[in-house]
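> here's my sequence, what's the structure:
(one chain, ligands or ions: 2)
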Amino acid sequence: MQTRAAVVREINQLTVETVELDAPKANELLVRVHAAGVCHSDLHNMRGELRLTPPFVMGHEGAGIVEAVGSGVTRFQPGDRVLVNWLPADNTCPTCLSGHPNLCERLAKTTFLGLLPDGTTRLKTLDGVPLKHLLSAATMSEYAVIDQAGAIPFPADVPFEVAAIIGCAVATGVGAVINTAQARAGSCAAVIGCGGVGLSAILGCQLAGCYPIIAVDVLDSKLEFARRMGATETVNVKQIDAVKTLRARTRLGPDYVFDTVGSAATIAQALQAAAPAGAAVIAGLHAARSDVPIPAGALIFQNKRLLGSFAGSMRPQIDLPRLVELYRAGRLQLDALISKRYPLAEVAQAFADMEAGAVARGVITFQ
Ligand SMILES: [Zn+2]
Ligand SMILES: [Zn+2]
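Numbers count the residues shown, from 1 in each chain. Ligands and ions are numbered 1, 2, ... in the order given. Reported below is the predicted structural model:
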């Protein structure tokens, strides 16, 4: 069949075009996509900063309705509502069995290379060039073929756009707080970077009972979103020193500093700002392929912890249904997190707005 999709044929070249999508094979679902989240990781991939190389179809947050199933699919049938999770863990490898499906051995072999778990792709251009599926998902397309391991069912009272962002931004931000840091009620938290993941970390800090929750960014527009999502204080560090300011506001520093940027500068800031015996939790990807100097004394003499948080240390099959239920119970204000919707044709504008800090979370919606 044919589908309109956001395609990266060469690094930094984003087009919307009609492409060919093959039918789902064993253990796969054909999903009609209703909403796809706009995430910074898409940009990192488009710019060639991670392991994926073009050509590929963009998008790794999404939600829609199952249209058809391949052989061997028993948990889903046409008509089911599913959100797409880009961690199609096998749930059989030692990493999965030890409780870390976010680090499944399968991911490095296929998902990060833009292949479905069976090692192949279902997408190609109209002139026959095979296209990869970004993070085994490729949700910026009217239709997507995904492995059933990357699908999570959700009920009809959850909007597609909300379900779409739960699968990545929300799980990554909330998970950094709840899963990775296991933050305690009453502890003081700071969140560096107020994009979709940072705003979700603020929501996670609220769930965990942190106070105060200090949002840090260099754009006032993003700090305004942070206040709306529950930050109790905001700090614009464009002109002032983040570490000194966070320490001054909390006496010893925050118990937890969540760095959702992950640059060389912010990783060092997070560690330096954290209170003695506190934790710096690194959830951002900016320096993912570089080496970052660490102030070793802060780790040792002050007993600090430096915690990596990949995809919110998420266990998709457990954590994503929980996040859906927390939203339904009114405990996660995800409607407010989505501040702008775009048709697929305006996908380039959606990324431009994200980079400019003009949106909390943007979502591509499909009719
Ligand atoms: Zn994402
Ligand atoms: Zn595994």
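> what residues sit buried inside the helix or strand of the chain with the lowest mean pLDDT?
The weakest-scoring helix or strand in the chain, judged by mean pLDDT, DSSP states H and E, is helix 296-301 (a mean of 88). Buried residues in helix 296-301, counted by 16 or more other Cβ atoms under 10 Å: Ala298. Quick note: C-beta positions are derived from backbone N, CA and C, even for glycine.
> where do the helices sit along the protein?
Assigned helices in the chain, in chain order: 40-46, 94-97, 105-109, 160-165, 171-175, 196-208, 220-229, 242-250, 264-273, 296-301, 316-328, 334-337, 347-356 (criterion: DSSP state H).
> which residues touch the fourth one?
Put plainly, it is helix 160-165. 34-37, 61-64, 81, 83-84, 139, 154, 196, 324, 327, 334-335, 337-338, 341, 361, 363, 365 (Cβ atoms under 8 Å, 6 or more residues apart in numbering).
> now with 6 Å?
Helix 160-165 is contacted by residues 34-37, 61-63, 83, 154, 334, 338, 361, 363 when judged by Cβ atoms under 6 Å, 6 or more residues apart in numbering.
> ok, of these, which one's closest to Ala144?
Closest approach to Ala144 among the contacts of helix 160-165 (Cβ to Cβ): Gly62, at 6.5 Å.
> what sits against the spatially closest residue to that closest one that is not a sequence neighbour?
Computed as Cβ to Cβ, 6 or more residues apart in numbering, the closest residue to Gly62 that is not its neighbour in sequence is Thr139, at 2.9 Å. Listed by Cβ under 6 Å, 6+ apart, the contact set of Thr139 reads 33, 36, 59, 62, 84.
> quick one: which of those is most hemmed in?
When those are compared by neighbour count (other Cβ atoms under 10 Å), Ala36 ends up highest, at 36 neighbours.
> I'd like the distance between it and Val363.
According to Cβ to Cβ, to the nearest Å, Ala36 stands 7 Å off from Val363.
> also Thr172?
As for Thr172, its distance to Val363 is 16 Å (criterion: Cβ to Cβ).
> again with Ile282
Note on Ile282: its distance to Val363, by Cβ to Cβ, is 26 Å.
> what do you get for Ile338?
Distance, Ile338 to Val363, using Cβ to Cβ: 5 Å.
> just to revisit the earlier point, now narrow the contacts of helix 160-165 to whatever sits close to ligand 2.
Contacts with ligand 2 are made by none of the contacts of helix 160-165, judged by Cβ under 5 Å from the ion.
> mind pulling up the phi and psi values for Ala287?
Main-chain torsions, Ala287, degrees, to the nearest 10: phi -100, psi 20.
> right, and it touches Ala264 too?
Yes. Counting by Cβ atoms under 6 Å, Ala287 does reach Ala264; the two are 5.1 Å apart.
> who in the stretch 1-150 of the chain is up against ligand 1?
So the stretch 1-150 of the chain meets ligand 1 at 39, 41 (Cβ under 5 Å from the ion).
> what's the neighbour count on the nearest residue in space to Ile267 that is not next to it in sequence?
Spatial nearest neighbour of Ile267, chain neighbours left out: Val292 (5.1 Å); criterion: Cβ to Cβ, 6+ apart. Each residue near Val292 was counted by other Cβ under 10 Å, and the total is 14.
> spit out the contact partners of Leu103.
Here Leu103 is in contact with Thr95 (Cβ under 6 Å, 6+ apart).
> can we see that at 10 Å?
Neighbouring residues of Leu103 by Cβ atoms under 10 Å, 6 or more residues apart in numbering: 87, 89, 93, 95-96, 310-311, 313.
> give me the subset of the residues you listed that also touch ligand 2.
When the contacts of Leu103 are checked against ligand 2 using Cβ under 5 Å from the ion, the ones in range are 89, 93, 96.
> the first one and Ile152 touch, don't they?
The reference is to Ala89. No. Ala89 lies out of contact with Ile152 (Cβ atoms under 10 Å); the separation is 11.9 Å.
> who has more neighbours out of these two?
The residue with more neighbours, out of Ala89 and Ile152, is Ala89; 26 against 21, by other Cβ under 10 Å.
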